[in-house]
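Peer 1: Just the structure for this:
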Amino acid sequence: MQRQDLNSVEETEGILQLLAIELNCSVDRVKLLLYRMKNSLEKESRSQGTDTPADNSTASAPDARGNVSPNPDREKVEAVFASLGKMNWQTFIRTRLPLLKLPPEILEALRQGRIEYTKAKAIAKLKVESARQALLEEAIENLCPCAKFESKSKPNSSRQTENNCNLGWRVSPKELSRSKSGTT
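Peer 2: Numbers count the residues shown, from 1 in each chain. Predicted coordinates:
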């Protein structure tokens, strides 16, 4: 975690590995624990009648009998995030864990530092694989500025097809094949 040039994916994976070491468990168990902590906090917020979870990160959730008992795993998680000083565990769950669920080709481009994570998230919203791949290639080639890129990744309608990819502009199959072959 000391390298200056860590990308978002490497940093996310590093934090998960650090938590796995601290909790003496697998990375998959860490993810499960983080989501359980999030769900527990949301459930507690709903029972208190608030819309959003309060950042009571040191509070322990009551058990079935209403007794509040400390959660050693939660305390360890909070201590790790406090020592990193970058974000809390709730922000990590909301912004970083979803990166690991990106389609493989986007995740790999992000891991290699070929695109920014904001672009990666926008590209992943496209359901049509060929449209996603074309936009990924465009992002890698830096042909699309970030502000314009966001609008291109938003579909014009909820329906996306191979011939009309709804990237905010019309893409014909001929244009898609040209972009893949590198001709203009």
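
Peer 1: hey, which helix or strand in this structure has the poorest pLDDT?
Peer 2: The weakest-scoring helix or strand in the chain, judged by mean pLDDT, DSSP states H and E, is helix 173-181 (a mean of 46).

Peer 1: How about the helix or strand where A131 lies, which residues are buried there?
Peer 2: Following DSSP states H and E, one finds A131 within helix 129-140. Neighbour-count burial for helix 129-140 flags 130-136, 138-139 (criterion: 16 or more other CB atoms under 10 Å). For the C-beta atoms, the positions are set from N, CA and C on the backbone; glycine is no exception.

Peer 1: distance of P103 from L16?
Peer 2: Per CB to CB, to the nearest Å, P103 is found 19 Å from L16.

Peer 1: quick one: which of those two has more around it?
Peer 2: For P103 and L16, the more surrounded residue by other CB atoms under 10 Å is L16, and the numbers stand at 20 against 16.

Peer 1: Spatially nearest residue to the more buried one, not counting backbone neighbours?
Peer 2: V27 (4.8 Å; CB to CB, 6 or more residues apart in numbering).

Peer 1: The one you found: neighbouring residues, count only.
Peer 2: Other residues within reach of V27, judged by other CB under 10 Å, total 14.

Peer 1: residue contacts, it?
Peer 2: 13, 16-17, 19-20 (CB atoms under 8 Å, 6 or more residues apart in numbering).

Peer 1: one more time with 10 Å, if that's ok
Peer 2: Listed by CB atoms under 10 Å, 6 or more residues apart in numbering, the contact partners of V27 are 13, 16-17, 19-21, 100.

Peer 1: Next: E22.
Peer 2: If you count contacts by CB under 10 Å, 6+ apart, then E22 has 30, 73, 76-77, 79-80, 83 around it.

Peer 1: give me that answer again for 6 Å
Peer 2: Shown in contact with E22 (CB atoms under 6 Å, 6 or more residues apart in numbering): 76, 80.

Peer 1: list the buried ones in the helix or strand where it lies?
Peer 2: E22 belongs to helix 8-23 when assigned by DSSP H and E. Residues of helix 8-23 classed as buried: 8-9, 11-13, 15-16, 18-20, 23 (neighbour count, 16+ other CB under 10 Å).
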